[in-house]
Structures are given as structure tokens and as C-alpha cells.
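# Quick one: sequence and predicted model below, then my questions.
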Amino acid sequence: MTILKAIGGFIQEQLLGMKWLQKGIGQVLSSLGMDLSTPIGGSLHFFLYDVIKITALLCFLIFIISYIQSYFPPERSKRILGQFHGMGANVVAALLGTVTPFCSCSSIPLFIGFTSAGLPLGVTFSFLISSPMVDLGSLLLLMSIFGAKIAIVYVIVGLLVAVIGGTLIENMHMDQYVEEFILRAKGSVDITARELTVTDRLVYAKEQVIGTWKKVFPYILIGVSIGAVIHNWIPEGWIQNMLGRDQYFGVIIAVLVGVPMYADIFGTIPVAEALLMKGAPLGTILSFMMAVTTLSLPSMIMLRKAVKPKLLGVFVVICTAGIMTVGYLFNGFEYLLLK
């Protein structure tokens, strides 16, 4: 048991957390005369460490996940989902969401394609909720900051939100609130894809790394910059007064702040890391991350092109309720997860 714990600690601290990198950057900055205890020195240290760490993990994870994703193109995913019915189909859709695009704006075109292909509306919404919220990349990145226990619980709870949300939408029978162009295309989308070779899959994974990195790197820079400011310039008391454990409305504030923003999971993690260091409750932090990745305003504008206002409103209400419930549950049982 001691050996396993040591191995787990090494993976957590050195491979995922890259503490060796943090120490090395600190030594370099100190040798250049930078005082890391000052806000400027601390901000620069935080910025360089997190940008390099997240970028390295991002590229590695995207390559691995994209290689896996190459086995689940939209047409194959459609065939897989078509074999399941009821809540089982929602579960499979949520699981498929973990190996697909890394942000909601990338997931929405797949949602439209699945719906046009005739898949049940609730099943496609389970996919739409799961895809940006709990992809495999977020699992490993969350492990690098919060540890394996919290990361795994986060993914499980995120999948539950996706399954329950999709099931509720399915039982409300809201197919008539999908835009007409999708309803007219229902059942007509049936694309067959050629079988990929190992070389094809490697090329695809490399292209996904380059394309995704170009798309998300600006958000990483923005997220890390915000995290550096929170970590080094904003007094801990301010965070405690707004989002602290005694602030009942902290989860609600976090969700309301997160919705207008647009970023993927990689851009929100440095902000979450800084908030955790300042003593913000775990559930409040995770609610913020979920709101940004699932309910961002740009994503809702894009989704509105595919569904009518009533269905969009139901989706937002269900997701918001689920995210807030998760936030309060995590805050309530935080002492068990952070032990």
C-alpha cells in the first residue's frame, strides 16, 4: 500500500502536477534577480509555470484522445447510439461525449448532425452536455491540480448531469422545438467513412493537436493571466467575502459570472487553481468551470440556430439547476474529498 501511495504521489506531483517545472522556473527567475514573494515576481512565476504545464499536458492529451476519437467518427457514433434505447442510450451518449471535441461550440455541430440523423433528442442533449464538461483531457488536467479523487468524482457527477438532463428533455417531448431545417433532414444523414489505417489515425491526431492548440491557446493565456492576478494581487479576504464557505450565494455568483464567458476546460483550470489557493470552496469553483464550459453565451447563441427559444430555455434551466446542485453538494462534502 505504501508503494502504491508513493507511485500515486509521484504521478500526481511530478508527472501531472510538474512540480519539478515549477521549482525549475522559480530557480531561473530567482537567478535573474526576481523576487518571487512580490506580486510581480509571483505573477510571472505562476504565468510561466501554468502556461508551459497546461500547454504540454494539452498537446499530449489531445494527441492521445484524438487517436481514440478516430475510432468514433460521427457516423460510427450514430450507429452505436442507435443500438441503445431509453436511459441506456443517454448513458452511452454521455460516455461518447468524453472522447469528442473539447468545447461546446465544437460539440454543437455534432449535436445537429446526430439530431438530423434521427437520434432521439434527449440522447443528443446528453452528448451535448457531456462533451465540453467531462472530456478525458479535463479528467487528467483536473487530477494535476485537485488530485485523482476530486477529478474522478467531478467526471462521474458531470456524466450524471448529462444523463439526467438528457432524460428530462426526452420525457418532455420537445422535438417540435427543434428548428425546421433539422427536422426536414431527419433520417437523411447517413455518411459512410472509410476505415482508417494506423498512419491515418496518427496523422489525424497530429492535425487535431495543431488545430486545437491554435484554437484554445489564446484562452489558456487569458485564463492563466486571470489566475495570476487572482493568486498574487487579489487579497484572500476579498475571495472569502464573495465566494467563501459562509457565503450561501457563492455558487450562484460563480455560475452567473461563468455564463457570459467563453473558454474551454483548459482555459478555466488556471482560474480554478488560483481560486482554490485563495480558499474558495471546491463546489463553487467546479460550478464556475461547468458554467463556462457548458453554458457560455457564445455557445448558447450558436445553439439557438438549431433549437427554438423554449427548448433552449429548458436546456439552460436544467443545466443551471444541475450545476448548482453539484456545487452545493461538493461544498457540503468537501471535507471528505480534500482529506
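In hand now; what should we look at? Residues are numbered from 1 along each chain as shown.
# Pull the contacting residues for residue 96.
Counting by Cβ atoms under 8 Å, 6 or more residues apart in numbering, residue 96 touches 72, 77, 80, 81, 127, 130. The C-beta positions use only the backbone N, C-alpha and C, and glycine is treated the same way.
# before we move on, which element is the last one in?
This means residue 130. Per DSSP states H and E: residue 130 is located in helix 121-133.
# Likewise for the second one?
Applying DSSP H and E as the criterion places residue 77 in helix 74-82.
# following that helix, which helix or strand shows up next?
helix 87-96.
# among the contacts of residue 96, which ones are buried?
Buried subset of these (neighbour count, 16 or more other Cβ atoms under 10 Å): 77, 81, 127, 130.
# Let me know the angle separating the helix holding residue 130 from helix 87-96.
Here helix 121-133 points in a direction 20 degrees away from that of helix 87-96 (axes from the mean of the first three to the mean of the last three Cα atoms, to 10 degrees).
# Who are the packing partners of helix 121-133?
helix 87-96, helix 104-116, helix 148-171, helix 282-295 (3 or more Cβ pairs under 8 Å, 6 or more residues apart in numbering; DSSP states H and E).
# pull the CA atoms of the second one into PDB?
This means helix 104-116. Once non-C-alpha atoms are left out, helix 104-116 reads as follows in PDB (Å, rounded to 0.1, in the frame of the first residue of the first chain):
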ATOM      1  CA  SER A 104     -19.300  23.300 -26.600                       C
ATOM      2  CA  CYS A 105     -19.000  25.300 -29.800                       C
ATOM      3  CA  SER A 106     -17.300  22.300 -31.400                       C
ATOM      4  CA  SER A 107     -19.900  19.900 -30.000                       C
ATOM      5  CA  ILE A 108     -22.900  21.800 -31.300                       C
ATOM      6  CA  PRO A 109     -22.300  20.800 -35.000                       C
ATOM      7  CA  LEU A 110     -22.100  17.200 -33.900                       C
ATOM      8  CA  PHE A 111     -25.300  17.600 -31.900                       C
ATOM      9  CA  ILE A 112     -27.000  19.000 -35.100                       C
ATOM     10  CA  GLY A 113     -25.700  16.100 -37.100                       C
ATOM     11  CA  PHE A 114     -26.900  13.500 -34.600                       C
ATOM     12  CA  THR A 115     -30.300  15.100 -34.400                       C
ATOM     13  CA  SER A 116     -30.600  15.300 -38.200                       C
END
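# chain center to it, what's the gap?
17 Å (Cα atoms, centre = their mean, to the nearest Å).
# rewinding a little: for the helices and strands packed on helix 121-133, give me a markdown table that also has mean pLDDT and distance to residue 180.
As requested, these are exported to a markdown table (pLDDT from 0 to 100; distance: least, Cβ to Cβ, whole Å):
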| stretch | mean pLDDT | distance to residue 180 |
| --- | --- | --- |
| helix 87-96 | 88 | 24 |
| helix 104-116 | 74 | 12 |
| helix 148-171 | 88 | 19 |
| helix 282-295 | 86 | 25 |
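# State the number of residues packed around residue 22.
18 (other Cβ atoms under 10 Å).
# Pull up the distance across stretch 59-79, start to finish.
30 Å (Cα to Cα, to the nearest Å).
# Report the mean confidence score over that stretch.
The average pLDDT within stretch 59-79 is 79.
# If I follow the layout properly, residue 279 ends up in contact with residue 244?
Yes. Between residue 279 and residue 244 there is a contact under Cβ atoms under 8 Å: 6.9 Å.
# how close does residue 291 sit to residue 143?
21 Å (Cβ to Cβ, to the nearest Å).
# Who has more neighbours out of those two?
residue 291 (26 against 22).
# Correct me if wrong: that one contacts residue 322.
No. If you go by Cβ under 8 Å, residue 291 and residue 322 don't touch, sitting 10.6 Å apart.
# Now do the same contact list for the closest residue in space to residue 287 that isn't next to it in sequence.
Using Cβ to Cβ, 6 or more residues apart in numbering and skipping residues adjacent in sequence, the residue nearest residue 287 is residue 327, 3.3 Å away. Applying Cβ under 8 Å, 6+ apart to residue 327 gives the contacts 251, 254, 255, 283, 284, 286, 287.
# Let me know the helix or strand that residue 327 is in.
Judged by DSSP H and E, residue 327 forms part of helix 309-332.
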